[in-house]
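Chemist: I'll drop the sequence and a predicted model, then ask my questions.
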Amino acid sequence: MELLVTIFVAYLIGNLSPSYLIGKMAKNIDIREHGSGNAGATNVLRVMGKKFAALTFVVDALKGVMAVLVVRYLFGEDYAMVAGIFVVAGHNWPVILKFKGGKGVATSIGLILVIHPFYGFMAILIGIAFLMKTKIVSLGSLMGMISFAILVLVFSRDYAIFATVLAAMSIYRHKENIRRLMRGEEKTISKKKKS
């Protein structure tokens, strides 16, 4: 019963889409029909600007924090890791938006800082370093999530399955970005994709 409650609560929290709600309330648009088509903070930045992107990022991160803290309080650490996976799944594939969501980066950032603060913080720094160097958000996001998985696999194996699943979901959701990166066509935060 605890597992079913954990999955349901976390997935439901993940379904809350600030990018979609902000787009509708502020501009009367479906953010998924503009820019990259992704329901996440980076697309909000490109389509609606920094203020709305920052709000989107914070709310998405808080979804991860809330899901993990609620389930940890109710059922303990093992279930908190399950909650972390399913809140990201709810963000990436929300049933209320016909399974067309975001890529789970902000939500993952929130939850890894709760579940494993030190390695979460280190992974975020690595991701930021790649972002600052390349100006490519997707690359920074991927390197951050992969770094978290590597750090956990090397130093904290109790969390290995959790970290590996999170990284795998991130890689899967970024598969088109990876293809563009390999072709040298990925967008940066300062310019549009090459034609």
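Modeler: Perfect, thanks for sending it. Residues are numbered from 1 along each chain as shown.
Chemist: from the chain's centre, how far out does the helix or strand of the chain with the lowest mean pLDDT sit?
Modeler: Every helix and strand in the chain was compared by mean pLDDT, DSSP states H and E; the lowest is helix 41-48, with a mean of 92. Relative to its chain's centre, helix 41-48 lies at 14 Å (C-alpha atoms, centre = their mean, to the nearest Å).
Chemist: How is the chain partitioned into domains?
Modeler: Following automatic domain parsing, one gets these domains for the chain: 1-107, 116-195.
Chemist: Looking at these, which one is packed in the most?
Modeler: Of all those, domain 1-107 has the most neighbours on average by mean count of other C-beta atoms under 10 Å, namely a mean of 20. Placement of C-beta: from N, CA and C, glycine included.
Chemist: Skip the chain neighbours and tell me the closest residue to Met122.
Modeler: Leu151 (6.1 Å; C-beta to C-beta, 6 or more residues apart in numbering).
Chemist: How about the contacts made by that neighbour?
Modeler: Applying C-beta atoms under 8 Å, 6 or more residues apart in numbering to Leu151 gives the contacts 119, 122-123, 163.
Chemist: can you check Leu131 too?
Modeler: Counted by C-beta under 8 Å, 6+ apart, Leu131 has contacts 137, 139-141, 189.
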